[in-house]
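> Turn this into a structure:
(one chain, ligands or ions: 2)
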Amino acid sequence: MTTRYVESSRLPTAWGVFDIHGFEDPQANKEHVVLTMGDVSDGEPVLARIHSECLTGDALFSMRCDCGNQLEAALKAISEAGRGALFYLRQEGRGIGLLNKIKAYKLQDAGADTVEANEQLGFGADMRDYTILKPMLEHLKIQKVRLMTNNPRKVAALEAAGVEIVERIPLHTACNPHNEKYLQTKGAKLGHLFEDRE
Ligand SMILES: Nc1nc2c(ncn2[C@@H]2O[C@H](COP(=O)(O)OP(=O)(O)OP(=O)(O)O)[C@@H](O)[C@H]2O)c(=O)[nH]1
Ligand SMILES: [Zn+2]
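Ligands and ions are numbered 1, 2, ... in the order given. Alright, predicted model coming up:
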């Protein structure tokens, strides 16, 4: 695994002042960042979010998914706790990339669900690789986390990276008429746990 640390700086946000840590993966030609608040290297469990890039949801206010809401909720929770880490992984479109995600959206406009659309384009349902996390976690000396997610695959991936998950915290997802079917499919086909919404 080639992910390596490059540099850190302060990052003031609407939810307070974070530190931003930059990592590069030259093999995959990707740049990832982690936002931290407080001392995350003291060995105590860290409130953490592993967020996959979603340009349309995170930056362009799309209502097709719940990513922007989850990003905000995670930063707010970390800020309220005064300590935590948000991993922003550049794995757009569950790893298929932005333009392929737009192709997948077009197929969904024609009736496919989010998994079928990926498959029709020749991809797996979820192409993300979480092994890139290990060097980032090691650099930040994070050993134990309270993970904000509905996705059991992320829990398994962190455990495989040698991190202890002391708690999984469901992340509230905002349902609207545009993302209702998408959220249903995540629960039915991608294993997402939505017990908090039921
Ligand atoms: N291929 C594809 N990717 C999508 C679609 N909608 C959202 N995404 C991407 O899915 C990723 C977010 O994954 P989600 O499944 O929403 O959530 P998660 O990160 O697995 O799990 P949580 O931690 O519970 O949020 C982002 O990279 C989005 O760009 C879609 O219809 N097709
Ligand atoms: Zn999204």
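> Gly38 contacts Arg83, doesn't it?
Yes: counting by CB atoms under 8 Å, Gly38 touches Arg83, with 3.1 Å between them. For every residue, glycine as well, the C-beta is placed using N, CA and C.
> show me the contacts for the closest residue to Cys67 other than its chain neighbours.
Counting by CB to CB, 6 or more residues apart in numbering, Cys67 lies nearest to Gly57, which is 3.3 Å off, once chain neighbours are set aside. Gly57 makes contact with 64-68, 71, according to CB atoms under 8 Å, 6 or more residues apart in numbering.
> Look up which helix or strand Gly124 falls in, please.
For Gly124, there is no helix or strand it lies in under DSSP states H and E.
> Identify the residue nearest it in space, chain neighbours excluded?
Asn118 (6.7 Å).
> right, is stretch 171-185 up against ligand 2?
No: Stretch 171-185 lies out of reach of ligand 2 by CB under 5 Å from the ion, never closer than 8.6 Å.
> Give me the contact list for that stretch.
49, 63-66, 69-70, 73-74, 108, 113-115, 148-150, 194, 196-197.
> And that stretch, end to end?
17 Å (CA to CA, to the nearest Å).
> And the helices in the chain?
67-81, 98-109, 114-120, 133-140, 152-160, 180-189 (DSSP state H).
> Glu53 contacts Leu89, correct?
Yes: using CB under 8 Å, Glu53 is in contact with Leu89, at 6.5 Å.
> and the helix-or-strand element of the chain with minimal mean pLDDT, which residues are buried?
Least confident helix or strand, the chain: helix 180-189 with a mean of 79, by mean pLDDT, DSSP states H and E. Using 16 or more other CB atoms under 10 Å as the test for burial, helix 180-189 gives 182-183, 185-186.
> same thing with stretch 58-77?
Quick answer for stretch 58-77 (16+ other CB under 10 Å): 58, 62, 64-71, 73-75, 77.
> In a markdown table, list those residues along with pLDDT.
A markdown table is the format used below for those (pLDDT from 0 to 100):
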| residue | pLDDT |
| --- | --- |
| Asp58 | 98 |
| Ser62 | 95 |
| Arg64 | 93 |
| Cys65 | 90 |
| Asp66 | 89 |
| Cys67 | 94 |
| Gly68 | 95 |
| Asn69 | 93 |
| Gln70 | 94 |
| Leu71 | 97 |
| Ala73 | 95 |
| Ala74 | 97 |
| Leu75 | 98 |
| Ala77 | 97 |
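> same for ligand 2: which of the residues you listed are within range?
65, 67.
> farthest pair in the buried residues of stretch 58-77?
Arg64 and Ala77 (23.5 Å; CB to CB).
> Up against ligand 1, what does this protein have?
Within the chain, the residues that sit near ligand 1 (CB under 6 Å from any ligand atom) are 52-54, 65, 67, 70, 91-94, 96, 101, 104, 114, 118, 149-151, 154, 171, 186, 192.
> How far does stretch 18-35 stretch from one end to the other?
End-to-end distance (CA to CA), stretch 18-35: 6 Å.
> Check stretch 41-48 too.
13 Å.
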